[in-house]
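A.B. asks: A predicted structure for the sequence below; I have some questions about it.
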Amino acid sequence: MNKILISACLMGFNVRYDGSAKSLLHSTLTQWRSEGRVVTCCPELAAGFSTPRPPAEIIIGPTGSTLVQHGARIMERTGTDVTDLYILGAHLALRMAQLHHCRYALLADGSPSCGSETIYSGDFNGQTKPGMGFTAQILREQGIAVFSHRQVDQLVTSLRQDEE
Ligand code: SF4
């Protein structure tokens, strides 16, 4: 049975930067929890951030990329460079996924950690653009299939095919 790494905020924990949750009200999550499939993780709390914390966004690196291996950084709105802590959080999430043999992850989109389809622009203007957070990048590099919170149905299909 596949286990799934899931963003803690999607599971109802108040761990977002503003102290809120992003509870994903989907019956499948309740089922997965009862089956013991859910591995809950917040990369930012794992790295030592507190809640609440300043919002942070990915800033493109010298090559114009938002990828961590191409020098992208993460800055808080206050101007603090928190790149190293976000990288730490990504690796701790990967470690947790590996410990639990998770080959799938369901992550909250938009986050500089957990985003997998979109991230914020880097200008703190509320605009989004296609991209991945550092945790999604590192999980995918290691072969973990990452789905956003809008893709539960696709994840269900992948699991079903995998377990047939
Ligand atoms: S790091 Fe991920 S799990 Fe933690 S609050 Fe942000 S989106 Fe949710």
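C.D. replies: Cool, the structure landed. No experiment lies behind these values; they were computed from the predicted model shown. Numbers count the residues shown, from 1 in each chain.

A.B. asks: Which SSE is immediately downstream of the helix ranked longest in the chain?
C.D. replies: As assigned by DSSP state H, the longest helix anywhere in the chain is helix 83-99. Beyond helix 83-99 in the direction of the C-terminus, DSSP states H and E gives the next helix or strand as strand 102-107.

A.B. asks: which residues touch that following strand?
C.D. replies: For strand 102-107, the surrounding residues in contact (CB atoms under 8 Å, 6 or more residues apart in numbering) are 2-7, 10, 24, 39, 96-97, 114-116, 133, 135-136, 139, 143-149, 151-152, 155, 158-159, 162. (C-beta placed from N, C-alpha, C; glycine too.)

A.B. asks: which secondary structure elements does whatever helix or strand comes next after that strand contact?
C.D. replies: Scanning the chain past strand 102-107 towards its C-terminal end, the next helix or strand to appear is strand 118-120 (assignment: DSSP H and E). Applying 3 or more CB pairs under 8 Å, 6 or more residues apart in numbering; DSSP states H and E, we find strand 118-120 packed against strand 56-59, strand 128-130.

A.B. asks: Out of those, which gets nearest to the ligand?
C.D. replies: strand 56-59 (9.6 Å; CB to the nearest ligand atom).

A.B. asks: Could you report the pLDDT at the residue nearest the centre of the chain?
C.D. replies: In the chain, the C-alpha closest to the average C-alpha coordinate belongs to Cys114, at a distance of 1.7 Å (CA atoms, centre = their mean). We have a pLDDT of 98 for Cys114.

A.B. asks: just checking, it touches Gly133?
C.D. replies: Yes - in terms of CB atoms under 8 Å, Cys114 counts as a neighbour of Gly133; the distance is 5.3 Å.

A.B. asks: what's the span of stretch 71-82, first residue to last?
C.D. replies: Distance between the two ends of stretch 71-82: 13 Å, counting by CA to CA, to the nearest Å.

A.B. asks: how about it against the ligand, any contact?
C.D. replies: No - contact between stretch 71-82 and the ligand is absent, the nearest approach being 11.3 Å (criterion: CB under 6 Å from any ligand atom).

A.B. asks: Now do the buried residues in that stretch.
C.D. replies: Burial within stretch 71-82, assessed by neighbour count using 16 or more other CB atoms under 10 Å, is assigned to Ala72, Arg73, Ile74, Met75, Glu76, Val82.
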